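> following is a predicted model, sequence given first.
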2 protein chains.
Amino acid sequence: MASRSTQILEAAARVIARRGVRGLRVEELAAEAGVSTALIYYHFKDRTGILRQTLEFISDRAERYTSGRGPDEPPLAPREELEETLLLELQDTVEVRENSSAWGELRASAVFDEVLREDLARATLEWVQEVAALLGRVQPMAPASSLAAAAERLTALLEGLSVRWLSGGIRIGHARELMRGAVDAELAGLRQD
Amino acid sequence: MASRSTQILEAAARVIARRGVRGLRVEELAAEAGVSTALIYYHFKDRTGILRQTLEFISDRAERYTSGRGPDEPPLAPREELEETLLLELQDTVEVRENSSAWGELRASAVFDEVLREDLARATLEWVQEVAALLGRVQPMAPASSLAAAAERLTALLEGLSVRWLSGGIRIGHARELMRGAVDAELAGLRQD
DNA sequence: TGACACTGACTGGAAATTCAGTCAAACGGC
DNA sequence: GCCGTTTGACTGAATTTCCAGTCAGTGTCA
């Protein structure tokens, strides 16, 4: 069962997804979580603290739905696993939408907010390494530096496509197709190194 | 000589680069421009008006540095022109930084603000088409749909890398290198179609 | 003298943060 | 098992801070 703090963080993710980081009002968050504003300050130091912990919460949660399938499902081939991992972030479901827009917001806020940068950098690094590892399983002979570069490009592209999707620039299906194309191109590139 | 309004807009560009569109305080803008807050309201209707005009100001300025070289310089080969066009947005100069962060802010704000979407979509489309045209000059035999897809990926990637750069996730030199790698990969992909 | 550019001081409202306390459950001594 | 004490979770109601926007008036120049 979700603890009170978790309940607040879940609410924060929803509010950020709806209004943006800058649009998050502590009072609205309290209402969304069904608690008093004071409780927010009891559990979190201040508004910035809420933001920081929400970022952490979001990136943990993303890992969960990213990292894998149910126990009964057959294991995927490396290539499929790679593609699936990346495309999981481009789905029109409540959870993914919420996560993606909150993530995009936090990323954008970090441009102007020192405090958010460190956590964000760590979460990004983990994600890049995960993708690099998957790439390495598809192309075991490729040098580590090429894998890292490809992973950085694929994740950065995913973020770019994600924001375009959320801001209405492209449709989700198109975003997925572009992403698949990028995976193809990167794998082709790795084959030659 | 810069008129007072221009002086304010230049200051606004600096403040936006430092604090973001959403972090712009009219008082801080006044201080930066060396005028009173009241004067801001004398020249611009309200905060939104400042923002709108500043974004216009910034994008005009961007066109200047994007759209080509001096008259004396030799014309570039298509491949170089493509690369240069994309890499122009990844430079650590005041102008580019201001422009990129304002653009990123605008993009992020559009997720929550219907009003911004249309202009943004139009500007993005133009940009994608410009890049697609450049790709077409490097690979004239490639089908238009492939060119369009590659252009969309390259521009989305550029946005993704740009935000990572501005949020301290990667260094500018690394971003440029990743971008060059992506251009290689996309051109290699087009060669086969 | 009138139109224009400009300012310092102010206001109202919204939002963040704190405060003084309530309540229920856990604890420990008997 | 009962009872006084402590503690952690929680709240309603302030208090404080912040900030966009206004206003009454000053200097200046044509």
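It's in.

> least trustworthy helix or strand in chain A by mean pLDDT?
helix A:47-66 (a mean of 85; mean pLDDT, DSSP states H and E).

> give the buried residues for whichever helix or strand comes after that one.
Next in sequence after helix A:47-66, counting helices and strands by DSSP states H and E, comes helix A:78-87. Residues A:78, A:81, A:82, A:83, A:85, A:86 are the ones in helix A:78-87 that count as buried (16 or more other CB atoms under 10 Å in any protein chain shown). Heads up, the C-betas are built off the backbone N, CA and C, glycines and all.

> the residue nearest to the first one when sequence neighbours are not counted - how many residues pack around it?
Spatial nearest neighbour of residue A:78, chain neighbours left out: residue A:137 (3.9 Å); criterion: CB to CB, 6 or more residues apart in numbering or on different chains. By other CB atoms under 10 Å in any protein chain shown, the residues close to residue A:137 number 13.

> so does stretch A:12-26 get close to chain B?
Yes: residues of stretch A:12-26 contacting chain B under CB under 8 Å from any CB of the partner chain: A:18, A:19, A:20, A:22, A:23.

> still on that earlier bit, Throw the buried residues of helix A:78-87 into JSON lines and include pLDDT and distance to residue B:98, thanks.
Below are those laid out as JSON lines (pLDDT from 0 to 100; distance: CB to CB, whole Å):
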{"residue": "A:78", "pLDDT": "89", "distance to residue B:98": "43"}
{"residue": "A:81", "pLDDT": "94", "distance to residue B:98": "41"}
{"residue": "A:82", "pLDDT": "95", "distance to residue B:98": "37"}
{"residue": "A:83", "pLDDT": "95", "distance to residue B:98": "37"}
{"residue": "A:85", "pLDDT": "92", "distance to residue B:98": "36"}
{"residue": "A:86", "pLDDT": "95", "distance to residue B:98": "32"}
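
> and whichever strand or helix holds residue A:185 with helix B:172-192, angle?
Applying DSSP H and E as the criterion places residue A:185 in helix A:172-192. Between helix A:172-192 and helix B:172-192, the angle comes out at 90 degrees (axes from the mean of the first three to the mean of the last three CA atoms, to 10 degrees).

> for stretch A:41-60, list the C-alpha coordinates in PDB.
Output in PDB follows, covering the C-alpha atoms of stretch A:41-60 (Å, rounded to 0.1, in the frame of the first residue of the first chain):
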ATOM      1  CA  TYR A  41       5.900  20.700   4.100                       C
ATOM      2  CA  TYR A  42       6.000  18.100   6.800                       C
ATOM      3  CA  HIS A  43       7.200  15.500   4.400                       C
ATOM      4  CA  PHE A  44       9.200  17.600   2.100                       C
ATOM      5  CA  LYS A  45      11.400  20.500   2.900                       C
ATOM      6  CA  ASP A  46      10.000  23.000   0.400                       C
ATOM      7  CA  ARG A  47       8.700  23.300  -3.100                       C
ATOM      8  CA  THR A  48      12.100  22.500  -4.500                       C
ATOM      9  CA  GLY A  49      12.300  19.400  -2.400                       C
ATOM     10  CA  ILE A  50       9.000  18.300  -3.800                       C
ATOM     11  CA  LEU A  51      10.300  18.700  -7.300                       C
ATOM     12  CA  ARG A  52      13.600  16.900  -6.600                       C
ATOM     13  CA  GLN A  53      11.900  13.900  -5.000                       C
ATOM     14  CA  THR A  54       9.300  13.800  -7.700                       C
ATOM     15  CA  LEU A  55      12.000  13.600 -10.300                       C
ATOM     16  CA  GLU A  56      13.500  10.700  -8.500                       C
ATOM     17  CA  PHE A  57      10.100   9.100  -8.100                       C
ATOM     18  CA  ILE A  58       9.400   9.500 -11.800                       C
ATOM     19  CA  SER A  59      12.700   8.100 -13.000                       C
ATOM     20  CA  ASP A  60      12.300   5.100 -10.700                       C
END
